[in-house]
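Visitor: Turn this into a model:
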Amino acid sequence: MVEMQDNAFSIFLMWATKSIIMQLGGLTAYRRYAPFFLGMIMGYVTGVAIGAISDVFFFPGEGHEIHCDP
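Guide: The predicted model follows:
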């Protein structure tokens, strides 16, 4: 249950953004903006992966939290 509470705002924000895009621009706008949001997700994942890989090489056995849940 706690995990759902942690993610509830993010889910609401995604839903609200999609609703606004669909209301203002329809399916054409939704398809036009989808690559932007997918790029943001891929950029985040890439940053976390680079941080994790650099921890293995530069801080073996120590590392630090890159993606932490509250």
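Visitor: And the strands in the chain, which stretches?
Guide: Counting by DSSP state E, one finds no strands in the chain.
Visitor: what ranges do the helices span in it?
Guide: Remark: helices assigned in the chain by DSSP state H are 2-58.
Visitor: Show me the residue at the heart of the protein, geometrically.
Guide: Geometric centre of the chain, nearest residue: residue 41, 4.4 Å, by CA atoms, centre = their mean.
Visitor: From residue 14, how far off is it?
Guide: Residue 41 sits 11 Å away from residue 14, taking CB to CB, to the nearest Å as the criterion. No exception for glycine: its C-beta is placed from N, CA and C like everyone else's.
Visitor: where are the low-confidence patches of this structure?
Guide: Within the chain, the segments meeting pLDDT under 70 span 1-4, 66-70.
Visitor: give me that answer again for 90
Guide: The chain contains residues with pLDDT under 90 at 1-11, 44-45, 47-49, 51-70.
Visitor: What's the local residue count around residue 51?
Guide: 14 (other CB atoms under 10 Å).
Visitor: separation between it and residue 37?
Guide: 22 Å.
Visitor: same question, residue 46
Guide: From residue 46 to residue 37 the distance is 15 Å (CB to CB).
Visitor: So which of these two has more stuff around it?
Guide: Ranked by neighbour count (other CB under 10 Å), residue 46 and residue 37 place residue 37 first, with 13 against 10.
Visitor: residue contacts, the more buried one?
Guide: Residues near residue 37 by CB atoms under 8 Å, 6 or more residues apart in numbering: residue 17.
Visitor: change it to 10 Å
Guide: 14, 17-18, 21 (CB atoms under 10 Å, 6 or more residues apart in numbering).
Visitor: which among those end up buried?
Guide: Buried members of those, counted by 16 or more other CB atoms under 10 Å: residue 21.
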